[in-house]
Each structure stands twice: as structure tokens, then as C-alpha cells.
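1. need a structure here:
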Amino acid sequence: MAVTLSKALVLFLSISFLTSTAYKYFLQKKKKEKQKETNEVIMFSYEECELKKSKYSRCTITKSMDRFLHYLASPKYSLDVCIYVFTNSDIANVLLKLHYKGIKIRIIIDADMAYCTGSNLRRMERQGIPVRWMKSTNLMHHKFCIIDAVNIDDVHPLVIAGSLNWTNQALCGNWENVLVTSQADLVNQFKTEFEKLWLQFTPITS
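-> Okay, the predicted model is just below:
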């Protein structure tokens with residue numbers, strides 16, 4: 001009888017320990033996931049007069065632009081860009097630094113804007129960054145990028161999307177916005193759209 005009670009006690013304590021351990025792991029996992037959540041809106045306006053030094057630019061820039069460049073410089077593995085027009089040199093420098101570090105970059109752009117005045121596409125192409133377009137009467141008017149949308153445990157996928165073209169006028173002279181989010185369902189929808197266009201569009205040949 002004593003042996004039976006002893007075994008029952010051991011079993012009870014073992015179950016209690018495992019339950020407690022599992023619960024603590026669950027709480028830590030939820031806390032970690034919550035800490036990783038990102039949901040931020042960055043607003044741009046010509047009225048934003050306060051400038052600051054930034055490690056992302058040789059010039060003083062607005063807080064909004066500094067915050068935007070902070071996210072843009074954050075990929076560990078990949079950056080997929082889908083943008084209508086791309087002329088800002090600070091953004092180009094961020095992308096090239098990522099490329100030199102071995103980050104995989106892909107760019108989709110509107111065909112009519114690919115080689116507009118001030119376009120950075122030539123710089124990207126010369127460094128081996130793949131760029132695709134589609135010659136069409138319809139605009140490729142998307143303005144989003146996807147950060148680290150890869151199947152690796154330690155990454156924090158993000159999407160940045162909004163009204164913002166990657167131009168000096170948009171960054172410093174217009175009312176613009178971008179949403180930065182890590183919500184998985186939104187990231188996945190943008191990733192699906194990018195992959196669809198990447199297959200539909202063709203590499204630039206000039």
C-alpha cells in the first residue's frame with residue numbers, strides 16, 4: 001500500500017512539474033511574440049521642419065525619414081521591393097549596403113519610371129541586384145517592400161506599405177504615409193503579390 005501511494009505521489013509531482021514547465025514555456029513564448037510585434041505608421045509632411053543627424057544619410061534628415069530608413073536597413077536575409085519610382089539617393093545607399101552584406105534584394109518597378117531622370121536603377125543593376133518590369137499601358141503603381149519574408153525561426157518579417165514613392169519630393173515635400181507591420185496575414189498577402197509579379201514581369205534588358 002505504501003509503495004502504491006509513493007508511486008502515485010511521484011506521478012503527481014511529475015505531472016505537476018511538467019505542467020508548470022509547459023505553462024512557463026507558453027508564457028515566455030507569448031511574451032516573446034508580443035515583444036516582436038511591430039505596428040507603426042510613419043507620416044511624412046513638408047511641414048516637418050525639425051532635422052536630425054542620421055547614420056543612414058550624409059545630410060540631416062527628418063525624423064520620419066530616419067525612422068523609415070531604420071526599418072529599411074533592418075533585413076537579416078532579404079528585401080523585396082515593389083515601387084513605382086525610385087530616385088532618392090539615401091535609400092539607394094541603404095540598399096547597396098545591404099547588398100554588399102549579402103542580403104538578397106529584388107526590385108520590381110514601373111517600366112516608364114525605371115530610367116526616369118534621377119532613377120537609381122542603373123546603380124542597382126551595375127551591382128548585380130535583379131530588377132524586373134513589364135512594359136504596359138497600365139501602371140505598376142505599388143509602393144511596398146517586404147523584409148525577411150523567409151522561413152527561418154529567428155527572423156521578424158515586416159511589410160512597409162503606403163503612399164510613399166522613393167523620391168525626394170515624397171520624402172520631404174508631400175503629405176505621405178507608410179504602415180510598418182509584422183502581422184503575419186498582411187505580410188503573407190504582400191509576399192504573395194510580390195511573388196506573382198516577379199513571375200509575370202521580366203528582367204530589364206536595355
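2. okay, CA-based contacts and neighbour counts for the rest of this
-> Fine.
3. give the contact list for the closest residue to E125 other than its chain neighbours.
-> In space, and not counting its chain neighbours, E125 is closest to V131: 7.0 Å by Cα to Cα, 6 or more residues apart in numbering. Contact analysis of V131 by Cα atoms under 8 Å, 6 or more residues apart in numbering lists 106-109, 121, 124-125, 203-204.
4. V131 pairs with what?
-> Beta-bridge partners recorded for V131 (DSSP bridges): I107.
5. Look at it and report its pLDDT.
-> V131 carries a pLDDT value of 96.
6. What's the separation between it and I105?
-> 9 Å (Cα to Cα, to the nearest Å).
7. And the residue positioned nearest the centre of the chain, how far from S182?
-> Geometric centre of the chain, nearest residue: I147, 2.8 Å, by Cα atoms, centre = their mean. I147 is 9 Å from S182, where distance means Cα to Cα.
8. which residues are common contacts for those two?
-> Any residue near both I147 and S182 by Cα under 8 Å, 6+ apart counts here, and that gives 157-159.
9. Those residues, buried ones only, as a PyMOL selection?
-> Of these, the buried ones can be selected in PyMOL as follows, counting by 16 or more other Cα atoms under 10 Å:
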select buried, resi 157+158+159
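10. Which one of the shared contacts of I147 and S182 is nearest to I91?
-> Closest approach between the shared contacts of I147 and S182 and I91, by Cα to Cα: V159, at 16.2 Å.
11. isn't the closest one right next to V180, touching?
-> Yes - V159 is within contact range of V180, at 5.8 Å (criterion: Cα atoms under 8 Å).
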